[in-house]
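Okay, here's the prediction I keep looking at, along with the sequence it came from:
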Amino acid sequence: MLYLDNIITAATIFPFVAIALTIPVLIYHYRRSGALTFWRSLVIYSFIFYLLAAYCLIILPLPPKSVVAHLTTPRYNLLPFTFVREFINTTHWVWNQPATYLATLKQAATIQPLFNIVLTIPFGVYLRYFFRTSFKQTLLLSFGLTLFFELTQLSGLYGIYPRPYRLFDVDDLLLNTSGGLIGFGLAPLLTYFLPTRDALDQAAYINGQKVGYLRRLLALGIDYCLLTLIGMIVTAIWRLLKLPTFGNDVFYYCLENGLYFVLLPVLWRGQTPGKALLRLKITAENAVAWRIFSRQFLLFFIILPSFQLWRITIDALVASGQTHLDIYLLLGGLAALPPVLFTGNFLLSWLFKKPQLFYEKLTKTQEMSLVQPQADHPLKNN
């Protein structure tokens with residue numbers, strides 16, 4: 001039941017860890033293969049959950065600090081194969097008496113070593129199946145993982161406790177590392193019915209050639225974050241130098257977005273830092289610079305500002321009360337028309353899987369993936 005409680009704790013924490021890691025995971029796989037497929041995401045997030053569960057099994061339950069402060073138990077065991085001697089001395093096992101086998105399996109001297117082996121078997125499976133590590137790499141990584149666990153215990157959970165509340169045991173290093181190697185050996189059998197790593201890569205590359213909206217929105221979000229950071233730095237320097245301010249919010253919007261989202265892609269062959277990070281670019285058949293300029297101007301100076309204009313009109317309507325109600329209603333309807341049309345176009349395009357919005361059709365532009373197959377990828381040789 002204690003092991004089950006720790007796994008439940010890991011399952012409770014996992015959604016928060018998964019959310020925190022989603023953007024880095026997406027960025028990595030968009031750069032590498034252009035897409036994150038269902039199977040690939042299932043393997044990645046199950047691996048993250050496994051590591052989280054293993055960590056919880058190692059450190060939990062957490063005892064009170066006052067109890068740990070008064071412990072007098074040994075801090076470490078550096079004598080190898082102590083678990084073998086404990087098994088021989090404390091269990092009921094007799095090799096020629098099968099009736100003793102079941103009782104032996106229920107004893108701590110049996111359960112604890114088996115737990116340490118089983119704990120890292122999945123690690124070895126993941127390493128060989130998904131990360132394609134060699135036997136030597138699996139040995140080193142399995143040893144590194146268990147050393148991290150043991151040092152976590154030896155440090156008293158990184159200094160939170162005044163002393164270790166669990167034993168640093170060299171036997172655990174041996175057993176956990178052995179578990180990783182056993183998982184390496186069992187990987188072909190345990191993953192027989194799963195898609196191969198090459199099949200996962202091929203599916204991701206094929207899907208990545210069709211630039212989806214999530215990838216585009218992530219690139220846009222990265223660009224806005226970077227633009228905000230640049231704006232904060234420039235503002236801080238401006239104030240530090242006590243330079244005079246001028247203009248208003250509209251002026252600064254036009255300056256920032258004009259330079260970053262319009263001029264920069266024209267000069268950088270259809271890319272912004274966000275698009276370059278995710279290996280995207282805006283392309284056109286001819287008159288590329290002019291079409292990129294037109295596309296970006298339509299998006300950032302007409303379409304996106306229309307959402308803000310609609311909100312301003314609604315605010316003015318609410319503030320005016322009954323005064324000029326008909327005029328404000330007309331203006332509100334006109335202001336709402338572009339956002340409604342854009343949203344409808346986006347939803348229809350997403351529903352029918354035709355990722356080219358009306359402003360891209362008008363300017364004859366589209367977003368293209370720059371991802372190419374890896375050198376050892378099956379598609380590279382086709």
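Perfect, I can see it now.

Tell me how far the nearest residue to Thr110 once chain neighbours are set aside lies from Thr90.
Nearest residue to Thr110, sequence neighbours excluded (CB to CB, 6 or more residues apart in numbering): Thr104, at 5.6 Å. No exception for glycine: its C-beta is placed from N, CA and C like everyone else's. When CB to CB, to the nearest Å is applied, the distance between Thr104 and Thr90 equals 10 Å.

chain center to the longest helix belonging to the chain: distance?
For the chain, the helix that runs over the most residues, judged by DSSP state H, is helix 2-32. The offset between the C-alpha centroid of helix 2-32 and the centroid of the whole chain comes to 8 Å, using CA atoms, centre = their mean, to the nearest Å.

Report the buried residues of that helix.
Neighbour counts over helix 2-32 (16 or more other CB atoms under 10 Å) mark Asn6, Ile7, Thr9, Ala10, Phe14, Ala18, Val25, Leu26, Ile27, His29, Tyr30, Arg32 as buried.

that older thread, for the residue nearest to Thr110, grab the count of nearby residues.
Per other CB atoms under 10 Å, the neighbour tally for Thr104 reads 16.

Then the one 4 residues further on?
By the other CB under 10 Å criterion, the neighbourhood of Ala108 contains 12 residues.

Now do the contacts for it.
When contacts are counted by CB atoms under 8 Å, 6 or more residues apart in numbering, Ala108 touches Thr90.

re the thing from before, what's downstream of the longest helix of the chain, the next helix or strand?
Sequence order places helix 38-59 as the next helix or strand after helix 2-32, per DSSP states H and E.

Of all the residues in the helix or strand following that following helix, which ones are buried?
Later in the chain than helix 38-59, the nearest helix or strand by DSSP H and E is helix 65-69. Of all the residues in helix 65-69, those buried under the rule 16+ other CB under 10 Å are Val68.

Output the contacting helices and strands for whichever helix or strand comes after helix 65-69.
Toward the C-terminus, helix 65-69 is succeeded by strand 76-77 as the next helix or strand (DSSP H and E). In terms of contacts (3 or more CB pairs under 8 Å, 6 or more residues apart in numbering; DSSP states H and E), strand 76-77 is packed against strand 168-169, helix 170-190.

can you list contacts of the last one?
Counting contacts by CB under 8 Å, 6+ apart, the residues outside helix 170-190 that touch it are 76-83, 113, 116-129, 133, 135, 138-139, 141-143, 145-147, 149-150.

Buried ones among those residues?
83, 113, 116-117, 119-129, 133, 138-139, 141-143, 145-146, 149-150.

Among the contacts of helix 170-190, which lie within helices?
Members of the contacts of helix 170-190 lying in helices (criterion: DSSP H): 82-83, 113, 116-129, 135, 138-139, 141-143, 145-147, 149-150.

list the buried ones in whichever strand or helix holds Leu157?
Assessed by DSSP H and E, Leu157 sits inside helix 156-159. Of the residues in helix 156-159, Gly156 count as buried by neighbour count, 16+ other CB under 10 Å.

Ok, stretch 197-209 next?
Going by neighbour count (16+ other CB under 10 Å), the buried part of stretch 197-209 is Arg197, Leu200, Asp201, Gln202, Ala203, Ala204, Tyr205, Asn207, Gly208.

Same question for stretch 48-57.
Within stretch 48-57, the residues scored as buried using 16+ other CB under 10 Å are Phe49, Tyr50, Leu51, Leu52, Ala53, Ala54, Tyr55, Cys56, Leu57.

Next one: the residue lying closest to the fourth one once chain neighbours are set aside from Arg32, what distance?
The reference is to Leu52. For Leu52, ignoring the flanking residues on the chain, the nearest one in space by CB to CB, 6+ apart is Ala10 at 4.7 Å. Taken as CB to CB, the spacing of Ala10 relative to Arg32 amounts to 28 Å.

With Phe130 instead?
Phe130 sits at a distance of 13 Å from Arg32 (criterion: CB to CB).

Name the residues contacting each of those two.
Shared between the contact lists of Phe130 and Arg32 (criterion: CB under 8 Å, 6+ apart) there are no residues.

wait, what's in contact with the residue nearest to Leu52?
Here Ala10 is in contact with Phe49, Leu52, Ala53, Tyr55, Cys56, Leu57 (criterion: CB under 8 Å, 6+ apart).

what's the farthest-apart pair in these?
Taking every pair in those and measuring CB to CB, the maximum separation is 12.3 Å, between Phe49 and Leu57.

So Phe131: helix, strand or coil?
Three-state assignment for Phe131 (DSSP: H, G, I helix; E, B strand; the rest coil): coil.

Which pLDDT value goes with it?
What the model reports as pLDDT for Phe131 is 94.

Then Lys354?
Per-residue confidence at Lys354 stands at 79 (pLDDT).

now Thr283
Here, the pLDDT recorded for Thr283 equals 93.

mind listing what's buried in the helix or strand where it lies?
Using DSSP H and E, Thr283 sits in strand 280-284. By neighbour count on 16+ other CB under 10 Å, the buried set for strand 280-284 is Leu280, Lys281, Ile282, Ala284.

wait, isn't Leu357 in contact with Asn345?
Yes - here Leu357 reaches Asn345: they are 5.6 Å apart, a contact under CB atoms under 8 Å.
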